[in-house]
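Engineer: Need the 3D shape of this:
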Amino acid sequence: MAVDIVILAAGKGTRMRSRLPKVLHELAGKPLLGHVIDTARQLNDSTLSVVVGHGAELVRQRFPDPDIQWVEQGEQLGTGHAVLQALPHLRAEATTLVLYGDVPLIEAETLATLVELVRDDSLALLTVTLDQPTGYGRILRNADGRVTGIVEEKDATPAEKLIREVNTGVMAVPAGKMAAWLPTIGNSNAQGEYYLTDLIAIAHGEGLTVATHQPASAEETEGVNSRAQLQVLERYFQRRIATRLMDSGVTLADAGRFDCRGQLSAGEDCFIDVNTVFEGTVVLGAGVRIGPNCQIRNATIGDGATIKANTVIEGPVTLAAGVEAGPFARLRPGTVLHEGARIGNFVEIKKADIGTGSKVNHLSYIGDAVIGSGVNVGAGTITCNYDGVNKFTTTLHDGAFIGSNTSLVAPVTVGAGATVGAGSTVTRDVPAGELTVARGKQRNITGWQRPVKQQKD
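Structural biologist: Now for the predicted structure:
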């Protein structure tokens, strides 16, 4: 079934108290509208129109995707008026599905089921039953249980306000019917707006069936109108991801202190401690252990690796099986650690390939480097890779030993099995197997007196 999806995203979001359009506020690291667009794209044979108004240019800039048809709503006169602007982009033979840019967590499966309910003589409405329905439009049914209309909260009678089944705003309508009905909607209501929900009464009046469907959870249909509501949905979303991970064999120290702002997959028997944030695309092998307070972005981490507390990984980064990193390490883009490599506390690695079993354990910076297997890099070692204009490479061959507090001025190569004495500044290549000491000669001055601070009168 062909589906034309219309996402309403024109509102200002006054209660957000922000210069940013409401639909650009982020949930789990992605704009609210981004969640809706990604879900919409999962429906087969579909087109995508987004109705914008407040901050339209900012919204367009954030989503430059060629498959989006942008529709301008110059005046915000209600949901019916918004969809009316999109009519020229709707196919007569398709089903029109209306979504909302500030309702981010609706599932593609829910939408697919709703669309399947549409026939030539029926439309479909997504409803939800709430214990506290205040603020929502109520679903009106006749004695036979057939939907006859929707009444908004401000227009409802006391009896109607007791109804717990409410409108989510999400509906699927044959496009031909949508085109015929929208121009007939009036604005004789408390808000003076053109309500899309009036289509339900019109359809009932013409003898069409209004089919209804409810999502698996009410949170799927929750909208965001304030930062407090955004935070509630954030925690719900994170708990949903956490539950899926735990069901797949991952242990979380505390599911309430877990944040994924991208795509995370993990093998069995992984352990993730508190306050770790995952961003971008992260893949964890089996048995990976992540310490507390880590930030991991765009990384692939092999089986049995250990990431210790307060480590920051800013990928793309690839860590092989058995790697250890941290605590307080920083792995920047282009880092590749081979099996069993170890990166210790207060070490920064950038665009470096570090071989099997090699160690950079303390207080070092390694950038633009190729390091072989079994290399030991002492505390305080720096690769001097930048001359102010160009970057140069440092190469350490298998089994090299670099003493503490060494500066390796690139381009430079240290041969296999070579040793560099502590405190050296290496500016020339070191042959394999040799010892290099490159530091000033020590002098001891006899009789030297340390300056003494004079007392003030």
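
Engineer: Would you agree residue 183 falls within a helix?
Structural biologist: Yes: counting by DSSP: H, G, I helix; E, B strand; the rest coil, residue 183 is located in a helix.

Engineer: quick one: it and residue 84 touch, right?
Structural biologist: Yes: in this structure residue 183 lies within contact range of residue 84 using C-beta atoms under 8 Å: 7.1 Å. From N, CA and C alone the C-beta is placed, and that goes for glycine too.

Engineer: Could you check stretch 326-346 and say which residues are buried?
Structural biologist: 326-332, 334-346 (16 or more other C-beta atoms under 10 Å).

Engineer: and if you look at stretch 16-36?
Structural biologist: Within stretch 16-36, the residues that qualify as buried are 16, 21-25, 27-29, 31-36, counting by 16+ other C-beta under 10 Å.

Engineer: just to revisit the earlier point, residue 183 and residue 84 - which one has more neighbours?
Structural biologist: Neighbours per residue (other C-beta atoms under 10 Å) separate residue 183 from residue 84, with residue 84 holding more: 21 against 10.

Engineer: List of residues touching the strand or helix carrying the more buried one?
Structural biologist: Assigned by DSSP states H and E, residue 84 belongs to helix 79-86. Helix 79-86 is contacted by residues 6, 8, 10, 49, 51, 71-73, 75-76, 96, 98, 169, 178, 182-183, 185, 193-199 when judged by C-beta atoms under 8 Å, 6 or more residues apart in numbering.

Engineer: Please, which helix or strand holds residue 246?
Structural biologist: helix 227-247.

Engineer: by contact count, what packs against the next helix or strand after that helix?
Structural biologist: Heading C-terminal from helix 227-247, the first helix or strand you meet, by DSSP H and E, is strand 251-252. In terms of contacts (3 or more C-beta pairs under 8 Å, 6 or more residues apart in numbering; DSSP states H and E), strand 251-252 is packed against helix 227-247, strand 271-272.

Engineer: So which of those is nearest residue 281?
Structural biologist: Of all the helices and strands packed on strand 251-252, it is helix 227-247 that lies closest to residue 281, at 13.8 Å by C-beta to C-beta.

Engineer: for the closest one, what is the average pLDDT?
Structural biologist: The average pLDDT within helix 227-247 is 96.

Engineer: Please tell me how far that helix is from the chain's geometric centre.
Structural biologist: The chain centroid and the centroid of helix 227-247 are separated by 12 Å under C-alpha atoms, centre = their mean, to the nearest Å.

Engineer: can you pull the buried residues of it?
Structural biologist: Residues of helix 227-247 classed as buried: 230, 233, 234, 237, 238, 241, 242, 245 (neighbour count, 16+ other C-beta under 10 Å).

Engineer: can you check stretch 39-50 too?
Structural biologist: Residues of stretch 39-50 classed as buried: 39, 40, 43, 46, 47, 48, 49, 50 (neighbour count, 16+ other C-beta under 10 Å).

Engineer: Strands - which of these land there?
Structural biologist: If you go by DSSP state E, those have 46, 47, 48, 49, 50 in strands.

Engineer: As JSON lines, those residues with pLDDT and distance to residue 102 would be great.
Structural biologist: Listed next are those as JSON lines, based on pLDDT from 0 to 100; distance: C-beta to C-beta, whole Å:
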{"residue": "46", "pLDDT": "93", "distance to residue 102": "20"}
{"residue": "47", "pLDDT": "95", "distance to residue 102": "21"}
{"residue": "48", "pLDDT": "97", "distance to residue 102": "17"}
{"residue": "49", "pLDDT": "97", "distance to residue 102": "17"}
{"residue": "50", "pLDDT": "98", "distance to residue 102": "12"}
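
Engineer: And these, which is closest to residue 445?
Structural biologist: Using C-beta to C-beta, these come closest to residue 445 at residue 50, 76.2 Å.

Engineer: ok, that closest one to residue 82 distance?
Structural biologist: As judged by C-beta to C-beta, to the nearest Å, residue 50 and residue 82 stand 11 Å apart.

Engineer: Same check on residue 233?
Structural biologist: Distance from residue 233 to residue 82, by C-beta to C-beta: 23 Å.

Engineer: Likewise for residue 172?
Structural biologist: 16 Å.

Engineer: next one: residue 133
Structural biologist: 24 Å.

Engineer: Please apply the same query to residue 114.
Structural biologist: Remark: distance between residue 114 and residue 82 (C-beta to C-beta) = 19 Å.

Engineer: who are the neighbours in contact with residue 67?
Structural biologist: Taking C-beta under 8 Å, 6+ apart, one finds 41, 47, 48 in contact with residue 67.

Engineer: Can you tell me which of those residues is closest to residue 150?
Structural biologist: residue 48 (25.5 Å).

Engineer: for the stretch 1-150 of the chain, what spans make up the helices?
Structural biologist: 32-40, 56-62, 79-86, 108-116 (DSSP state H, counting those that start in this stretch).

Engineer: Give me the buried stretch members for the last one, please.
Structural biologist: So the one you mean is helix 108-116. Per 16+ other C-beta under 10 Å, helix 108-116 contains these buried residues: 110, 111, 114, 115.
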